[in-house]
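K.L.:
Sequence and predicted structure, then a few things I'm wondering about:
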Amino acid sequence: MNKFERQSSSADTQTLPDDIAEELSRLPSEVLSVDDAPSLAPPAPLSQDEVRTIVISLMLTMFLAALDQTIVATALPTIGRQFHDVSNLSWVITAYLLASTAVAPVFGTLSDIYGRRVMIIISLSLFVAGSVLCAIAPNLPMLILARGLQGLGGGGIMPVVQTVISDVVSPRERGQYQAYFSSVWMVGGILGPVIGGVFAQHLHWSMIFWINVPLAVAAIALLLPRMKKIPVFHRKRKVDWLGGVLLMASAVVFMLVLTWGGTRFPWLSPTVLAMVGGAVALAVTFVWHARRADEPFLPLPLLGGSVVPFGLTAGGCALGAITGLTVQLPLYYEAVYHLSASEAGLALIPLAAVSTVGAAVAGRTMARAKHYKRVAIVGTSWAALCGLGLTLTTLPLWALLTLMAAFALGLGTTFPVCVVSVQNSVARPQVGTITGALNFFRSLMSSFTVAAFAAILLIALGADVPLAGEHHGAVNAIPAEDMRHAFRYVFGAATALMAGAALCLIMMEERPLAGPSVTQQVEMAE
């Protein structure tokens, strides 16, 4: 008798949920064979208070990862003065981004093998250890290495947190929770530069790292006692370490190309071309290995089908658009509207904050509507129209910010729909793997878009202008009309990304979401 037959014969005693049975029935045989079917545990009886506590602790954990992506930026000048080294300061940010992007699929896959509890402990421990080493770093090279260690932990937090949410909340309800986490991510991104600047100016720059220790301890103290009651869906199997190393190596080389191309080295320089060739060779080797491994690190069939590729692409386009605009818009505000650096930072708030409103709208719609992806199709289409308006018109600042907020409202609807749809398309024992892949591809898309938008501006301006963070001194030399003309191409690229996201969502299969409807939730609460 195989495992499926044994599970069927014991259905009366185990009472497997309908959503798990549905996931197993639609799972492709090449992804998870019958003989390798996992022994799925029924959901533990979590009370609403326990779910609420878990969500709060996960939000605090997510806040840590979001904060440390941006908190260092405003403290860099102070750090450079203390260590008497400004030429390598960018590596303080780059080391974190490289490490966090590369390990996202690793932590996602390992959480499907060893469990969420183990991986959340490891990711937070690495994050705290890296934070402490950053705070006590005696020189800049040690600080860069410590930031890389911190990035290893930070890169594991995002996929593991999203996977834990999928374990405790049904797909129909999950969109609302994903919207909460999108809000936390945006708030952390906005507060990071502010907190970093305050600490560096009034206290000491090391405080931007020391603050992580009590926050991480609080998150672990809240989360771990309740992790024992979370349903267990992981499946012990052999780890394909070679596949994981190949995937991480190709990602790191590709990220270095995007970081150095057009800045440290010309795009067509032998160094950049050699790195591109190396990244492609590593990626091809990874695919070759994955096709031949008995249990590959990232099963390639998992990335196929009628849901996953479209969800990955739509989410990547949306995140790429908002990240690229966030990085480059301060230059536009300073050159065209003559805002100060701090005022240009405040002008980004509508873009970041209103996108969370769009995510909340989409999350609530998913809990109520049968055809849940329509809200994201409408949202991305609306964002594309707003982007077209930004491309074709010249507006006063208040009108530009209003239209930018409308753009962000539509863009934000993409995130919960893509995450939940992708997670809902695979079996429970593979949710961590697909969530890690989702975060991995979105990070790569964000980095690619930032580099692409910078290249567009450089080509349109026809000058070697520093574009990301150190541009304030060069802004006054750029005529406002030239900047308006150059940014029309940037807005056009953002419009194309949102149109692409809308097309992907239209093509993506809309599978039913398991879980109680809003009416049923109210009845259960009563």
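P.N.:
That came through fine.
K.L.:
Just the CA atoms of the one helix or strand Val118 maps to, as CSV, please.
P.N.:
The secondary structure element spanning Val118 is helix 116-135 (assigned by DSSP states H and E). Coordinates of each C-alpha in helix 116-135 appear next as CSV, following Å, rounded to 0.1, in the frame of the first residue of the first chain:
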residue,chain,number,x,y,z
ARG,A,116,9.9,26.7,9.3
ARG,A,117,11.0,26.8,13.0
VAL,A,118,14.6,25.8,12.4
MET,A,119,15.0,28.2,9.4
ILE,A,120,13.4,31.2,11.2
ILE,A,121,15.8,30.7,14.1
ILE,A,122,18.8,30.4,11.8
SER,A,123,17.9,33.4,9.7
LEU,A,124,17.3,35.6,12.8
SER,A,125,20.5,34.3,14.5
LEU,A,126,22.5,35.2,11.4
PHE,A,127,20.9,38.6,11.2
VAL,A,128,21.6,39.4,14.9
ALA,A,129,25.2,38.1,14.7
GLY,A,130,25.8,40.2,11.6
SER,A,131,24.3,43.2,13.3
VAL,A,132,26.5,42.9,16.4
LEU,A,133,29.6,42.4,14.2
CYS,A,134,28.6,45.5,12.2
ALA,A,135,28.3,47.6,15.3
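K.L.:
list the helices and strands it packs on?
P.N.:
Of the remaining helices and strands, those touching helix 116-135 by 3 or more CB pairs under 8 Å, 6 or more residues apart in numbering; DSSP states H and E are helix 48-70, helix 90-114, helix 140-168, helix 207-210, helix 212-227. The way it works is simple: take the backbone N, C-alpha and C, and place the C-beta from them, glycine included.
K.L.:
can I get those in a markdown table with mean neighbour count and distance to Pro330?
P.N.:
Listed next are the helices and strands packed on helix 116-135 as a markdown table, based on neighbours: other CB atoms under 10 Å; distance: least, CB to CB, whole Å:
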| stretch | mean neighbour count | distance to Pro330 |
| --- | --- | --- |
| helix 48-70 | 20 | 13 |
| helix 90-114 | 24 | 16 |
| helix 140-168 | 24 | 23 |
| helix 207-210 | 22 | 21 |
| helix 212-227 | 17 | 26 |
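K.L.:
Mind putting those into JSON lines with mean pLDDT and distance to Ala279?
P.N.:
As requested, these are arranged in JSON lines below (pLDDT from 0 to 100; distance: least, CB to CB, whole Å):
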{"stretch": "helix 48-70", "mean pLDDT": "79", "distance to Ala279": "23"}
{"stretch": "helix 90-114", "mean pLDDT": "83", "distance to Ala279": "12"}
{"stretch": "helix 140-168", "mean pLDDT": "86", "distance to Ala279": "18"}
{"stretch": "helix 207-210", "mean pLDDT": "86", "distance to Ala279": "31"}
{"stretch": "helix 212-227", "mean pLDDT": "82", "distance to Ala279": "32"}
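K.L.:
Of all those helices, which one is nearest Tyr333?
P.N.:
Among the helices and strands packed on helix 116-135, helix 48-70 comes nearest to Tyr333, with 17.5 Å by CB to CB.
K.L.:
quick one, what contacts Val431?
P.N.:
The contact partners of Val431, taken as CB atoms under 8 Å, 6 or more residues apart in numbering, are Asp112, Thr163, Ser166, Asp167, Phe233, Gln423.
K.L.:
buried set for the host helix or strand of it?
P.N.:
Here Val431 is covered by helix 431-461, with elements defined by DSSP H and E. In terms of neighbour count (16 or more other CB atoms under 10 Å), helix 431-461 has its buried residues at 431-454, 456-458, 460-461.
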